[in-house]
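Novice: sequence-free structure coming up:
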């Protein structure tokens with residue numbers, strides 16, 4: 001593998017810091033640090049997409065990747081990489097309502113013949129961590145801060161496209 005989980009988290013943190021500096025400069029003199037809803041999530045999605053693409057290239061593979069794929073009504077899938085739909089979170093889920101939403105999405109994604117994975121950089125709330133494992137299945141839920149989970153995630157994306 002080209003990256004470890006720590007590498008991915010470090011890339012996220014450095015990219016987020018750079019984006020915040022860039023946004024602060026855009027605000028001009030006297031502007032404070034940016035407080036943009038969704039910024040962490042967007043930077044996380046971009047980091048995961050970039051690292052996953054580099055992992056595929058290193059393995060001699062190439063997949064079509066679609067960001068924010070519309071999936072019925074207002075639903076959107078964060079990333080679709082070939083035949084694999086991926087829910088990406090920087091810091092885990094926000095509450096039980098998210099859990100119900102992902103159960104519905106999983107049913108629809110699987111009906112469409114795709115594999116559905118969940119990846120987060122961190123999940124500090126143990127009950128939500130277990131809920132994600134229950135919803136997606138333990139083989140389809142990945143917590144990048146756990147040693148080896150980034151590598152397992154990459155292998156699951158590759159297997160889902162085999």
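Specialist: Yep, it's here. Bear in mind the structure is a predicted one, so any value in this text is a computation, not a measurement.

Novice: next, the buried residues of the lowest-mean-pLDDT helix or strand in the chain.
Specialist: None of the helices or strands of the chain scores lower by mean pLDDT, DSSP states H and E than helix 96-111, at a mean of 85. Neighbour-count burial for helix 96-111 flags 98, 99, 102, 105, 106, 109 (criterion: 16 or more other Cβ atoms under 10 Å). Glycine gets a C-beta too; all of them are placed from N, C-alpha and C.

Novice: same question for stretch 153-162.
Specialist: So stretch 153-162, judged by 16+ other Cβ under 10 Å, has buried residues 153, 154, 156, 157, 158, 160.

Novice: and for stretch 4-15?
Specialist: For stretch 4-15, by 16+ other Cβ under 10 Å, it's 5, 8, 9, 11, 12.

Novice: and those residues as a markdown table, adding secondary structure?
Specialist: As requested, the buried residues of stretch 4-15 are exported to a markdown table (DSSP: H, G, I helix; E, B strand; the rest coil):
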| residue | secondary structure |
| --- | --- |
| 5 | helix |
| 8 | helix |
| 9 | helix |
| 11 | helix |
| 12 | helix |
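
Novice: sorry, back to before: would you list the buried residues of helix 96-111 in CSV and tack on distance to residue 88?
Specialist: Shown next, in CSV, are those (distance: Cβ to Cβ, whole Å):
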residue, distance to residue 88
98, 13
99, 16
102, 12
105, 13
106, 15
109, 14
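
Novice: what's the closest of those to residue 69?
Specialist: For the buried residues of helix 96-111, the closest approach to residue 69 (Cβ to Cβ) belongs to residue 109, at 10.1 Å.
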